[in-house]
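Student: For reference, the sequence and a predicted model appear below.
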Amino acid sequence: MKLWDIPDAPPPGRTEGVESARMRVLLAEDNMIAQAAIQRLLERQGIEVVCAANGREAVDRFEEGSYDLVMLDILMPDMDGFEVTSRIREKEHREGAGPTPVIALTSYSLKAVNDKCRRVGMNGYLSKPVSDNDLKELFEGLRGNPSSREPGVDGTDAPDDRAILDQDGCLDNLGGDRELYREIVAMFTENAPGVVERLAAALEAGDMARAGHYAHDLKGMTANIGAERLSELACTIQNTVGATRHEERELWVARLKDEFRNLTAAITLADKPPSP
């Protein structure tokens with residue numbers, strides 16, 4: 001997480017301080033699993049959350065209401081998080097309103113988007129999947145104790161050492177909320193097969209634009225349930241799909257299906273009660 005230029009006070013018309021009884025946050029995230037996880041973690045802190053599924057909807061929600069904080073996925077349908085932020089700052093300028101803190105949500109390399117976040121008027125960013133600790137640090141920053149922790153500085157395992165399903169790590173991210181974990185795994189189980197099927201079909205057809213889109217979706221879905229190996233594979237496909245030959249894409253499809261089968265088996269095994 002990285003925060004900078006956090007306003008000294010919340011926007012006019014809102015609470016007198018961020019530690020008051022009820023904060024109001026606008027959360028714009030098109031990935032339903034990520035949205036559900038972040039929403040629940042925020043609500044657990046007593047925060048009112050208004051959700052938007054795309055950038056245009058986020059602008060509409062901001063026009064309609066007043067918020068203590070806006071959290072925006074950088075890559076959303078219709079309008080990305082950068083343009084949404086520009087619209088927010090334009091509205092505040094027209095109305096002479098104080099700046100609302102805007103936090104970017106991204107699974108991309110943060111060094112690459114750092115400067116652009118600043119240019120459009122964002123106040124910081126969080127790396128996805130967002131954890132309970134990330135959100136606690138974020139609100140500490142809003143209280144005047146900003147964190148300078150960069151994501152990834154603790155190091156990561158090599159891809160071959162990644163877990164098929166890191167249930168414990170994901171639970172730690174969710175603050176130990178097993179009910180929330182079961183809910184997002186159920187959402188994944190319902191929606192992921194279609195995404196994997198469409199990604200494989202796009203790769204086989206050589207449709208790189210669609211393949212990149214579905215790989216991005218799958219990367220977000222898998223990261224949010226702790227499916228490290230499949231998430232890493234989806235990330236690799238997204239980053240290299242435009243430069244691959246037909247033979248390489250065939251290998252991606254085979255590995256994609258194999259990793260998804262392994263993950264499905266791991267989810268089924270994790271869901272079984274322990275033997276007496």
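Tutor: Okay, I see it.
Student: what's the next secondary structure element after the longest helix along the chain?
Tutor: Secondary structure of the chain per DSSP state H: the longest helix is helix 178-205. Note on helix 178-205: by DSSP states H and E, the next helix or strand toward the C-terminus is helix 208-223.
Student: for that following helix, packing partners?
Tutor: Applying 3 or more C-beta pairs under 8 Å, 6 or more residues apart in numbering; DSSP states H and E, one finds that helix 208-223 contacts helix 32-43, helix 178-205, helix 228-240. Where you see a C-beta, it was placed from the backbone N, CA and C, and this is true even at glycine.
Student: got the buried residues for the second one?
Tutor: For helix 178-205, burial by neighbour count (16 or more other C-beta atoms under 10 Å) applies to 180-181, 184-185, 187-188, 192, 195-196, 198-200, 202-203.
Student: ok, those vs residue 168, which is closest?
Tutor: residue 181 (10.2 Å; C-beta to C-beta).
Student: where's that closest one relative to residue 188, distance?
Tutor: 10 Å (C-beta to C-beta, to the nearest Å).
Student: list the residues that contact both of the two?
Tutor: Common neighbours of residue 181 and residue 188, counting by C-beta atoms under 8 Å, 6 or more residues apart in numbering, are residue 225.
Student: Is there a neighbour count for residue 29? I'd like the number.
Tutor: 26 (other C-beta atoms under 10 Å).
Student: count of neighbours near the residue nearest to it when sequence neighbours are not counted?
Tutor: In space, and not counting its chain neighbours, residue 29 is closest to residue 35: 4.1 Å by C-beta to C-beta, 6 or more residues apart in numbering. For residue 35, the count of nearby residues is 22 (other C-beta under 10 Å).
Student: I'd like to know which elements the longest helix of the chain is packed against.
Tutor: helix 32-43, helix 167-173, helix 208-223, helix 228-240, helix 246-271.
Student: Select, out of those, the one closest to residue 140.
Tutor: Of the helices and strands packed on helix 178-205, nearest to residue 140 by C-beta to C-beta is helix 32-43, at 14.5 Å.
Student: Sketch out the low-pLDDT regions of the stretch 101-250 of the chain for me.
Tutor: 108-112, 143-161, 243-244 (pLDDT under 70).
Student: Output the helices and strands packed on helix 178-205 as a markdown table; include the columns distance to residue 105.
Tutor: What follows is the helices and strands packed on helix 178-205, written out as a markdown table (distance: least, C-beta to C-beta, whole Å):
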| stretch | distance to residue 105 |
| --- | --- |
| helix 32-43 | 8 |
| helix 167-173 | 14 |
| helix 208-223 | 10 |
| helix 228-240 | 16 |
| helix 246-271 | 24 |
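Student: who wins for proximity to residue 136 among these?
Tutor: Sorting the helices and strands packed on helix 178-205 by C-beta to C-beta, the top spot, which is the nearest, belongs to helix 32-43 at 9.2 Å.
Student: moving C-terminal of the closest one, what's the next helix or strand?
Tutor: Once helix 32-43 ends, the next helix or strand along the chain (criterion: DSSP H and E) is strand 48-52.
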